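Engineer: no FASTA, just this:
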């Protein structure tokens with residue numbers, strides 16, 4: 001029976017999108033560019049996301065109609081074998097595999113062994129900051145400690161063997177040696193990881209030789225499953241009704257800016273300290289951002305807008321939150337086939353006892369989304385680091401569409417009480433704590449990426465709401481039956497757009513996303529009970545007091561009181577990569593008052609009173 005290797009349609013965007021390495025059943029492949037995709041693709045409609053990304057549309061890879069009748073040779077998203085260097089676990093011979101050697105439905109086999117042995121891919125590959133990926137030059141590695149004359153004397157570049165020594169352990173026990181008669185070249189893999197002066201091929205494995213670019217970036221040797229081998233750049237948007245969310249649009253903001261009394265002074269000042277003052281005052285009055293102001297100034301003065309770095313990254317994080325926020329908070333709820341929402345409450349309106357009354361006082365709206373449609377698109381990827389050069393999904397740069405997938409699910413949207421939130425944000429200790437996080441963010445290489453989510457300035461409400469979303473997802477994983485990886489967050493926390501809410505929704509691209517358990521958990525009184533248990537659990541972490549008193553932890557010190565034991569989620573569930581979290585802003589501490597600190601105190605007092613009464 002021939003083997004059957006499968007990649008689900010949703011996985012062709014994340015985590016096995018263009019440029020990603022896929023390990024499956026002892027074999028290794030890499031996803032090719034969308035220029036090699038079959039012509040029979042599934043269109044995915046999302047005009048709002050397409051307009052923000054500047055593309056004509058989206059397509060999804062073909063999906064099998066039925067598992068029972070699936071054909072192995074059916075057209076789908078193409079993957080090619082990588083790395084090309086394989087080895088036999090029996091005779092230790094290394095083989096450089098070529099496309100012409102492929103046999104349909106049969107994995108690579110060792111040509112020397114009997115009985116036939118399956119070949120195993122080499123563990124190490126090379127990458128560079130320009131986004132290129134390639135095989136390690138194992139012949140050069142084996143001969144790297146010989147002089148030039150000895151290397152020239154070797155008559156073959158492919159007679160290599162991958163040895164394992166019983167006298168050593170770890171990478172030192174592995175070595176590559178030359179099998180050419182009379183050549184004794186050999187080198188172990190003890191220091192294989194890192195930079196060794198090797199040359200970059202200037203292309204990715206699926207690109208033709210003519211597409212190779214001259215690359216002078218230093219090459220790094222990493223494991224083929226290393227975390228820095230692939231950083232996808234993805235975007236997502238909810239399918240919301242058009243025309244019903246006209247509360248704020250770019251045209252409306254532009255009109256407000258042009259009508260502002262300070263617009264003419266700003267246009268005359270152009271640059272300098274006065275211009276900065278006028279700009280900030282206009283942004284505060286209208287809610288416009290720097291990009292809109294730059295575009296309007298360029299339009300009126302005829303000058304080119306200021307450069308924003310890599311043009312491929314200018315739309316890396318388009319702000320799609322305003323329309324979604326308007327759709328969830330509109331007085332007349334817009335409802336379509338793929339956007340069905342309804343209002344509900346915590347069911348605490350008539351509660352006078354604590355902590356329920358205090359919890360009701362601090363929560364605003366609760367909206368249940370019985371049906372949501374989300375479109376997720378992949379624009380490209382980078383290697384070595386997230387801020388390295390972006391490689392587009394179409395490496396040939398001829399196509400105007402992007403790969404995407406649509407996911408249907410459900411969700412719970414809630415807001416905080418605006419008056420309570422505003423009062424809490426003005427507290428000096430709160431602002432000082434978030435200012436420290438802002439300083440760490442300013443020094444992080446992820447600043448540009450995260451600014452697209454937080455706005456130009458990190459606000460206390462963003463950290464509060466982001467942490468709240470994480471804690472709520474973790475609690476709902478117990479209450480609703482979903483796994484944490486199947487739930488996702490959307491944080492609406494832009495002060496300039498008067499946002500102060502979160503959306504927790506199902507993010508799995510299969511039937512688990514439509515089981516109905518999440519909406520049921522959002523009904524009264526379930527959500528209030530879930531909320532209280534979440535707050536009580538957040539008040540104590542198993543890593544406390546270290547976690548609660550930390551002044552900077554996580555990647556780039558962008559977290560405060562947040563660790564794997566209390567706040568962190570699977571990477572696919574978080575918009576910002578598990579950064580900018582601090583549960584102390586929710587439950588409070590010695591250094592900062594928490595937004596829900598009064599709820600925690602009331603819950604403890606009530607529990608203590610109940611226990612004392614029971615003991616009497």
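Structural biologist: Here it is on my side, so go on. The shown structure was predicted, so the numbers you read here are calculated from the model rather than taken from an experiment. Numbers count the residues shown, from 1 in each chain.
Engineer: wait, what's in contact with residue 413?
Structural biologist: 328, 341, 365, 366, 367, 368, 369, 501, 502, 503 (C-beta atoms under 8 Å, 6 or more residues apart in numbering). To be clear about C-beta, it is placed using only N, CA and C from the backbone, and glycine gets the same treatment.
Engineer: in which helix or strand would I find it?
Structural biologist: strand 401-416 (DSSP states H and E).
Engineer: Could you check the angle the helix or strand just after that strand makes with strand 401-416?
Structural biologist: Downstream of strand 401-416, the first helix or strand assigned by DSSP H and E is helix 418-425. Here helix 418-425 runs at an angle of 90 degrees relative to strand 401-416 (axes from the mean of the first three to the mean of the last three C-alpha atoms, to 10 degrees).
Engineer: I'd like to know the beta-bridge partner residues of the closest residue in space to residue 50 that isn't next to it in sequence.
Structural biologist: Spatial nearest neighbour of residue 50, chain neighbours left out: residue 57 (5.6 Å); criterion: C-beta to C-beta, 6 or more residues apart in numbering. For residue 57, the beta-bridge partners under DSSP bridges are residue 401.
Engineer: Pretty sure residue 57 sits against residue 48.
Structural biologist: No. Residue 57 lies out of contact with residue 48 (C-beta atoms under 8 Å); the separation is 11.9 Å.
Engineer: Compare neighbour counts for those two and give me the winner.
Structural biologist: For the pair residue 57 and residue 48, the greater number of neighbours falls to residue 48 (19 against 16), based on other C-beta atoms under 10 Å.
Engineer: Who are the contact partners of the nearest residue to the more buried one once chain neighbours are set aside?
Structural biologist: Distances taken as C-beta to C-beta, 6+ apart put residue 237 closest to residue 48, at 5.6 Å, once the chain neighbours are dropped. By C-beta under 8 Å, 6+ apart, the residues touching residue 237 are 46, 48, 49, 52, 320, 324, 374, 375.
Engineer: So residue 237 lies in a helix, does it not?
Structural biologist: No. The assignment for residue 237 (DSSP: H, G, I helix; E, B strand; the rest coil) gives strand, which keeps it out of a helix.
Engineer: Report pLDDT for it.
Structural biologist: Note on residue 237: pLDDT of 93.
Engineer: Mean pLDDT per helix and strand in this structure: which one sits at the bottom?
Structural biologist: The helix or strand of the chain with the lowest confidence, counting by mean pLDDT, DSSP states H and E, is helix 290-301 at a mean of 71.
Engineer: Now do that one: which elements does it pack against?
Structural biologist: Contacts defined by 3 or more C-beta pairs under 8 Å, 6 or more residues apart in numbering; DSSP states H and E place helix 290-301 against helix 250-259, helix 263-269, helix 273-286.
Engineer: Same question for it: list its buried residues.
Structural biologist: Buried residues in helix 290-301, counted by 16 or more other C-beta atoms under 10 Å: 292, 293, 294, 296, 297.
Engineer: elements contacting the helix or strand that comes right after that helix?
Structural biologist: The C-terminal neighbour of helix 290-301 among helices and strands, as given by DSSP H and E, is helix 321-329. Applying 3+ C-beta pairs under 8 Å, 6+ apart, we find helix 321-329 packed against strand 231-238, strand 339-344, strand 487-492, strand 501-506.
Engineer: A strand includes residue 163, no?
Structural biologist: Yes. According to three-state DSSP, residue 163 belongs to a strand.
Engineer: Count the residues that sit near it.
Structural biologist: Residue 163 has 14 neighbours, counted by other C-beta under 10 Å.
Engineer: bridging residues for the residue nearest to it when sequence neighbours are not counted?
Structural biologist: Of all residues not flanking residue 163 in the chain, residue 175 sits nearest, at 4.8 Å (C-beta to C-beta, 6+ apart). Beta-bridge pairing of residue 175 under DSSP bridges involves residue 163, residue 188.
Engineer: Can you check the pLDDT for residue 175?
Structural biologist: pLDDT for residue 175: 93.
Engineer: wouldn't it be in contact with residue 192 here?
Structural biologist: No. Counting by C-beta under 8 Å, residue 175 does not reach residue 192; the two are 10.0 Å apart.
Engineer: Which secondary structure element is home to residue 378?
Structural biologist: Per DSSP H and E, residue 378 falls inside strand 363-382.
Engineer: Just after that strand, pick out the following helix or strand.
Structural biologist: Next along from strand 363-382, by DSSP H and E: strand 391-392.
Engineer: re the thing from before, so which of the contacts of residue 413 comes closest to residue 588?
Structural biologist: residue 502 (19.7 Å; C-beta to C-beta).
Engineer: rewinding a little: how far off strand 339-344 does the strand holding residue 413 point, in degrees?
Structural biologist: Interaxial angle, strand 401-416 versus strand 339-344 (the same axes, to 10 degrees): 10 degrees.
Engineer: chain center to strand 401-416, what's the gap?
Structural biologist: Distance, stretch centre to chain centre, for strand 401-416: 14 Å (C-alpha atoms, centre = their mean, to the nearest Å).
Engineer: One more: stretch 520-538?
Structural biologist: On the basis of C-alpha atoms, centre = their mean, stretch 520-538 sits 27 Å off its chain's mean C-alpha point.
Engineer: Contacts made by it with the rest, please.
Structural biologist: Against stretch 520-538 from outside (C-beta under 8 Å, 6+ apart): 344-348, 355-356, 359-360, 363, 366, 368, 412, 414, 471-472, 474-476, 479-480, 566, 583, 586-587, 596, 599-600, 603.
Engineer: ok, 7 Å please
Structural biologist: Contact with stretch 520-538 is made by 344-348, 355-356, 359, 366, 368, 412, 471-472, 475-476, 479-480, 566, 583, 586-587, 596, 599-600, 603, as judged by C-beta atoms under 7 Å, 6 or more residues apart in numbering.
Engineer: Pull out the buried residues from the residues you listed.
Structural biologist: When the contacts of stretch 520-538 are checked for burial by 16+ other C-beta under 10 Å, the buried set is 344, 346-348, 355-356, 359, 366, 368, 412, 471-472, 475-476, 479-480, 566, 583, 586-587, 596, 599-600, 603.
Engineer: from the residues you listed, which ones fall inside strands?
Structural biologist: If you go by DSSP state E, the buried ones among the contacts of stretch 520-538 have 344, 366, 368, 412 in strands.
Engineer: Kindly reformat those residues as JSON lines containing pLDDT and distance to residue 426.
Structural biologist: Output for those, formatted as JSON lines (pLDDT from 0 to 100; distance: C-beta to C-beta, whole Å):
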{"residue": "344", "pLDDT": "94", "distance to residue 426": "30"}
{"residue": "366", "pLDDT": "96", "distance to residue 426": "25"}
{"residue": "368", "pLDDT": "94", "distance to residue 426": "32"}
{"residue": "412", "pLDDT": "96", "distance to residue 426": "28"}
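Engineer: quick check, nearest of those residues to residue 149?
Structural biologist: Nearest to residue 149 among these, with distances taken as C-beta to C-beta, is residue 412, at 71.5 Å.
Engineer: Could you list the low-confidence segments of the stretch 501-616 of the chain?
Structural biologist: Scanning the stretch 501-616 of the chain for pLDDT under 70 picks out 508-516.
Engineer: What count of nearby residues applies to residue 16?
Structural biologist: By the criterion of other C-beta under 10 Å, residue 16 has 23 neighbours.
Engineer: backbone phi and psi for residue 128, please?
Structural biologist: Dihedral pair for residue 128: phi -140, psi 170, per degrees, to the nearest 10.
Engineer: which one is it nearest to, not counting chain neighbours?
Structural biologist: residue 217 (4.0 Å).
Engineer: again, but for residue 179
Structural biologist: Excluding the flanking residues, the one nearest residue 179 by C-beta to C-beta, 6+ apart is residue 159, at 3.9 Å.
Engineer: List the backbone torsions phi and psi for that neighbour.
Structural biologist: Backbone torsions of residue 159, given as degrees, to the nearest 10, read phi -90, psi 80.
Engineer: That one contacts residue 177, doesn't it?
Structural biologist: No. Residue 159 is beyond contact range of residue 177, at 9.8 Å (criterion: C-beta atoms under 7 Å).
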